[in-house]
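>>> Next input, structure requested:
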Amino acid sequence: MSRDSGVSRRKLLKTAGTASAVGVGLAGCSSGGSGGGGSTEESGGEEEMTSGGDTDSNSGGSEPELQLTIGGVMSPPGSAWNGEQPSGHWEFEKRVEERTDGRIQVDNVAEGELCGELTCPEKVSQGTVEIGSASIGNSTKFYPMNDIWMLPFTFPSPQSLGYVHQKAETWEQWWVPFAQEFGVVPLWMHAPTLRSINIGLDRSDSKDSAHRAPADVEGMDCRRTGSQVSGIALSEWGMNPVSVSWADSLQGLRTGVVGGMEAAISPVCAYGGNMADSLGESVHNRWTIHNDVKWASVEWLKSLSEENRTIIAEESRTLYRDLVRRNRQIHQEVLGTYTDDPPEEAAIVEHDLQVNYIEGDEQQQWADMVTYDQNPDLYTDVIESADQIGVDGEAFHEYLHDSARESAVPDGFYGDSYTIDAWWDDYLQEM
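Numbers count the residues shown, from 1 in each chain. A predicted model of the protein is given here:
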């Protein structure tokens, strides 16, 4: 089943479950940054470098009045607004600068030049950047209690995560006490999606049938993320979790040094398609969330003038709303997932990535081995870590699980009906 056969792997591998079965509503990613850190604000004709906690001034002075930096590994085109994994970084820059006629200037420092997935939260706390990008899973290096969001099969669909994000109770029960403890808050998040077990090209090509069940990946070396939940789940499914850099995984997946990796389909396609070209299959069991967060300092946000803070709040809010509203387009048209007939320009077609949709009893095989309800002892440390922010971890997990299954969660992707009931600026003074 080599790619050299001239026949697409998508046509050769047997994939149970069509788009009608998937239904998108079923149970379901160096140094030398430019410009440095801190926000540059000009007042009264004099420029001064301020830390995140200093107060901006709106009277007089030359433009830009307020300058802020977004740090992260995201880069166009994959993370641009029309990319496979739109981060919102450049769209936020565009919207804010257009709204203020350049009075507020946003500098995007991409490709990890200023901070990466495992360093951005710390850089935000230090005031090196005003906004830093890191997934919930990678943020657990600094905030271990965030692993409660990663507990397997808590969220049955991408839209269930979008629904929980905008609930007032989510902010009141988690993000307010979290911000009180750590001084950072989510400014916005990526369009919600869920993770797969992705199979490397060497391993996939060496087998005659598709990977679908835990037995199919038993003994496989699988790249894990920083989340301890990732390591636990992979181990319970019989895999060997390994910590390998994203770059080293590229060759390892092609040669068999690494058998697979757990990640959402969007980031593996976003970065120039290099990772997708190293994969043969994606076992889309939707086992946990992929939720990249844009973290911001509470002190910095409070230091802004009311006018500027309102602009940052309104633009981040509508940005996330629009990302969720575009989720059907992102998945079905750009990525080519959750559909029987992906367009020829879709990422999984371009990179010949076979997606094995795991539903019903097949998905239950994966879930039975790792859910918190059936295996609470696996996640004792995760649940107890919520004590650090004064939250009952077991009760909050129950809240996440039950909220994700409320009748208000749509069966399919949200469209223009998606609205946001609560946002960080509603609670800033409590943080």
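
>>> alpha carbons only for contacts and neighbour counts from here, please
Will do.

>>> The helix or strand hosting residue 396 - contacts with which helices or strands?
Assigned by DSSP states H and E, residue 396 belongs to helix 393-403. When contacts are defined as 3 or more CA pairs under 8 Å, 6 or more residues apart in numbering; DSSP states H and E, helix 393-403 sits against helix 158-165, helix 380-385.

>>> Please tell me how far it is from the chain's geometric centre.
Put simply, helix 393-403 sits 20 Å off its chain's centre (CA atoms, centre = their mean, to the nearest Å).

>>> just to revisit the earlier point, out of the helices and strands packed on helix 393-403, which is closest to residue 402?
helix 158-165 (9.9 Å; CA to CA).

>>> Using CSV, write out every CA atom in that closest one.
In CSV, the C-alpha atoms belonging to helix 158-165 read as follows (Å, rounded to 0.1, in the frame of the first residue of the first chain):
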residue,chain,number,x,y,z
PRO,A,158,-16.2,20.3,18.8
GLN,A,159,-19.4,22.3,19.3
SER,A,160,-19.8,21.1,22.8
LEU,A,161,-16.5,22.7,23.7
GLY,A,162,-17.6,26.0,22.0
TYR,A,163,-20.8,25.9,24.0
VAL,A,164,-19.0,25.4,27.4
HIS,A,165,-16.5,28.2,26.6
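
>>> Next up, the contacts around the residue lying closest to residue 204 once chain neighbours are set aside.
In space, not counting the residues next to it along the chain, residue 204 is nearest to residue 280; the distance is 5.4 Å by CA to CA, 6 or more residues apart in numbering. Residue 280 makes contact with 9, 198-205, 352-354, according to CA atoms under 8 Å, 6 or more residues apart in numbering.

>>> Return the subset of these lying in strands.
198-200, 354 (DSSP state E).

>>> just the contacts of residue 280 now: which is nearest residue 115?
residue 198 (26.4 Å).

>>> And for the closest residue to residue 103 other than its chain neighbours, the neighbour number?
In space, and not counting its chain neighbours, residue 103 is closest to residue 64: 4.5 Å by CA to CA, 6+ apart. If you count neighbours by other CA atoms under 10 Å, residue 64 ends up with 19.

>>> Isn't residue 64 up against residue 100?
No - with contacts defined as CA atoms under 8 Å, residue 64 does not count as touching residue 100, sitting 9.6 Å away.

>>> about what we covered before: and residue 68, which of the helices and strands packed on helix 393-403 is closest to it?
helix 158-165 (24.9 Å).

>>> residues making contact with the closest one?
25, 28, 155, 170, 191-194, 289, 324, 400, 403-405, 409-410, 412-414.

>>> what element comes up after the helix or strand of the chain with the lowest mean pLDDT heading to the C-terminus?
Every helix and strand of the chain was ranked by mean pLDDT, DSSP states H and E. The lowest is strand 46-50, at a mean of 31. Scanning forward in sequence from strand 46-50 by DSSP H and E, the next helix or strand is strand 66-71.

>>> which residues in the stretch 251-400 of the chain form helices?
For the stretch 251-400 of the chain, applying DSSP state H, counting those that start in this stretch gives helices covering 265-270, 298-303, 306-325, 327-328, 347-350, 360-368, 380-385, 393-403.

>>> I meant to write the stretch 101-250 of the chain there.
120-126, 136-139, 158-165, 168-170, 176-182, 201-205, 228-236, 246-255.

>>> Mind putting those helices into JSON lines with distance to residue 147 and mean pLDDT?
Shown next, in JSON lines, are these (distance: least, CA to CA, whole Å; pLDDT from 0 to 100):
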{"stretch": "helix 120-126", "distance to residue 147": "15", "mean pLDDT": "95"}
{"stretch": "helix 136-139", "distance to residue 147": "6", "mean pLDDT": "93"}
{"stretch": "helix 158-165", "distance to residue 147": "15", "mean pLDDT": "97"}
{"stretch": "helix 168-170", "distance to residue 147": "15", "mean pLDDT": "98"}
{"stretch": "helix 176-182", "distance to residue 147": "13", "mean pLDDT": "98"}
{"stretch": "helix 201-205", "distance to residue 147": "30", "mean pLDDT": "95"}
{"stretch": "helix 228-236", "distance to residue 147": "7", "mean pLDDT": "97"}
{"stretch": "helix 246-255", "distance to residue 147": "21", "mean pLDDT": "86"}
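
>>> Mind checking the ones you listed for the one nearest to residue 76?
helix 246-255 (17.6 Å).

>>> Using neighbour counts, pick out the buried residues of that closest one.
Judged by neighbour count (16 or more other CA atoms under 10 Å), helix 246-255 contains these buried residues: 249-254.

>>> closest to residue 227 among these?
Closest to residue 227, out of all of the buried residues of helix 246-255 and judged by CA to CA, is residue 249, at 17.5 Å.

>>> What does the pLDDT read for residue 32?
Confidence at residue 32, expressed as pLDDT, is 34.

>>> Please identify which of the helices of the stretch 101-250 of the chain is closest to residue 268.
Closest among those, using CA to CA: helix 246-255, at 9.8 Å.

>>> what packs against the closest one?
strand 193-200, helix 201-205.

>>> what about this structure, any weak spots by pLDDT?
1-62, 272-273 (pLDDT under 70).

>>> domain assignment for it?
3-28+195-289+336-371, 39-192+292-332 (automatic domain parsing).

>>> Looking at those, which is nearest to residue 424?
Across these, closest to residue 424 is domain 39-192+292-332 (CA to CA), at 7.0 Å.

>>> Tell me the gap between the closest one and the middle of its chain.
On CA atoms, centre = their mean, the centre of domain 39-192+292-332 falls 13 Å from the chain's centre.

>>> likewise stretch 355-369?
With CA atoms, centre = their mean, you get 22 Å for stretch 355-369.

>>> In that stretch, which of the residues would be classed as buried?
355-359, 363, 365-367.

>>> how about the residues you listed in JSON lines, adding distance to residue 241?
What follows is the buried residues of stretch 355-369, written out as JSON lines (distance: CA to CA, whole Å):
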{"residue": "355", "distance to residue 241": "22"}
{"residue": "356", "distance to residue 241": "21"}
{"residue": "357", "distance to residue 241": "23"}
{"residue": "358", "distance to residue 241": "21"}
{"residue": "359", "distance to residue 241": "24"}
{"residue": "363", "distance to residue 241": "21"}
{"residue": "365", "distance to residue 241": "19"}
{"residue": "366", "distance to residue 241": "16"}
{"residue": "367", "distance to residue 241": "18"}
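
>>> Quick check: of these, which lies closest to residue 382?
Of those, the one sitting nearest to residue 382 (CA to CA) turns out to be residue 367, at 17.9 Å.

>>> Can you get me a residue count around the residue nearest to the closest one when sequence neighbours are not counted?
Closest residue to residue 367 apart from its sequence neighbours, by CA to CA, 6+ apart: residue 153 at 6.7 Å. If you count neighbours by other CA under 10 Å, residue 153 ends up with 24.
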